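S.K.: A structural model of the following input is requested.
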Amino acid sequence: MSDLFDLTGTTAVVTGARRGIGYAMAVALAGAGADIIGVSASQPASGSDIEHAVTATGRRFEGIACDFADVDAVDALGRTLAERRVDILVNNAGTIERAPAAEHPQELWDRVIQINLSSQFRLTQAVARQMLERRRGKVIFTASLLSFQGGINVPGYAAAKSGIAGLTKALSNEWSSHGVNVNAIAPGYIATDNTEALRADIDRSRSILERIPAGRWGEASDLAGATVFLAAPASDYVSGIALPVDGGWLGR
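M.R.: As a prediction, the model looks like this:
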C-alpha cells in the first residue's frame, strides 16, 4: 500500500516554490521521495529556505529563477527543463491584483492572465513533450475556488483560474491515453500573502470564516496530501479534475 504514495526516484518541478502553497507542495513531494526543482521569480540558486527544507528530507534541490510575467523567460525555462527528466510538474506560480471591475486597469488584467494562465500553458507544453514520449508523467495545476465562483474585485484572477480548470480538462482529454495525468488542486481560503488583505479586513474575514464548515482559514500545509496523491501512483486513474481543498466551502 505504501508504494501507492512513494515518489522515490522521481523529479518534481514546483513553480512558485519559494513560499506559501508552493513551498508546502515542494516539501510534501520531497517527503514522499521526489527530488525538487524549485522555480520562483526571486529564487536563488542556493541557500534558500526551501532548499534547506527539501534537503532536510534527504532529497536533492535545484533552484531556478524565472519571472512568469516575462514570456521569453518562461520559454527559456521550458527549454532548460526539456533537457531534464521531469516526472512531475506542479504549476503553482501565480499572482493576484485587486480592483473593482469597472476600474480594473488593463495592465493588471494582462499581468494576471500572463502569469496565471498563459505562462502555465507554455511551460506545460515544453515539459509535457518528454512525458508524452515516455508515456508517463503527472501535471498538477493550482486552481482556486474562483475556478468555480466569480469572487469580488479580482476579475483577471477569476478569469485565469477558471481558465486553469478548463485547461486541466482539455489537456487531460488529449494526454491521459498517453500516460500523462493532468489534474488541478483548488485551494480554499488559505493564510498566505495572497489573502493577507482579506484577513486584515475584519468584516470580510468574519464573513469568510462563517462560511467555512471547518471553522478556520486553511494553512499551506493542508495542500500537502492532495499534492502527493495527484503526483503518486495512487492517482494513476485520476485525470481532468480540480480537487477542492477548502475546509468544506463549496459544499456549504
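
S.K.: for the rest of this, base every contact and every neighbour count on C-alpha atoms.
M.R.: OK.

S.K.: check contacts around Thr195.
M.R.: Tyr189 (CA atoms under 8 Å, 6 or more residues apart in numbering).

S.K.: and it, what's its pLDDT?
M.R.: pLDDT, Thr195: 80.

S.K.: again, but for the one 5 residues further on
M.R.: pLDDT recorded at Ala200 is 84.

S.K.: now swap in Arg252 and tell me
M.R.: If you check Arg252, the pLDDT there is 89.

S.K.: what is the burial count for it?
M.R.: By other CA atoms under 10 Å, the residues close to Arg252 number 8.

S.K.: over to Ala102?
M.R.: Quick note: Ala102 (other CA under 10 Å) scores 8 neighbours.

S.K.: backbone torsions only: list them for it.
M.R.: The phi and psi values for Ala102, taken as degrees, to the nearest 10, are phi -70, psi -20.

S.K.: for it, what are its contacts?
M.R.: For Ala102, no contacting residues are found, by CA under 8 Å, 6+ apart.

S.K.: hmm, try it at 10 Å
M.R.: Under the criterion of CA atoms under 10 Å, 6 or more residues apart in numbering, the neighbours of Ala102 are 153, 155.

S.K.: try Ser176
M.R.: Counted by CA under 10 Å, 6+ apart, Ser176 has contacts 132, 135-138, 182, 236-240.

S.K.: show the pLDDT at it.
M.R.: pLDDT, read off for Ser176, is 98.

S.K.: about what we covered before: wait, which of the contacts of Ser176 is closest to Ala101?
M.R.: Nearest to Ala101, judged by CA to CA, of these is Gly240 at 30.1 Å.

S.K.: which single one of the contacts of Ser176 is nearest to Leu145?
M.R.: Gly240 (16.3 Å).

S.K.: now that closest one, nearest residue through space, not along the chain?
M.R.: If you skip the residues right next to it in sequence, Gly240 has Lys169 as its closest partner in space, 4.5 Å away by CA to CA, 6 or more residues apart in numbering.

S.K.: same check, this time on Thr55
M.R.: The shortest distance from Thr55 to any non-neighbouring residue, by CA to CA, 6+ apart, is to Phe61 (6.5 Å).

S.K.: Arg122: neighbour count?
M.R.: 15.

S.K.: and it, what helix or strand is that in?
M.R.: Applying DSSP states H and E as the criterion places Arg122 in helix 119-134.

S.K.: and Tyr23, how far is that from Pro105?
M.R.: To Pro105, Tyr23 is 30 Å away according to CA to CA, to the nearest Å.

S.K.: these two: who's more crowded?
M.R.: Shown here are Tyr23 and Pro105; by other CA under 10 Å, Tyr23 has more neighbours (24 against 13).
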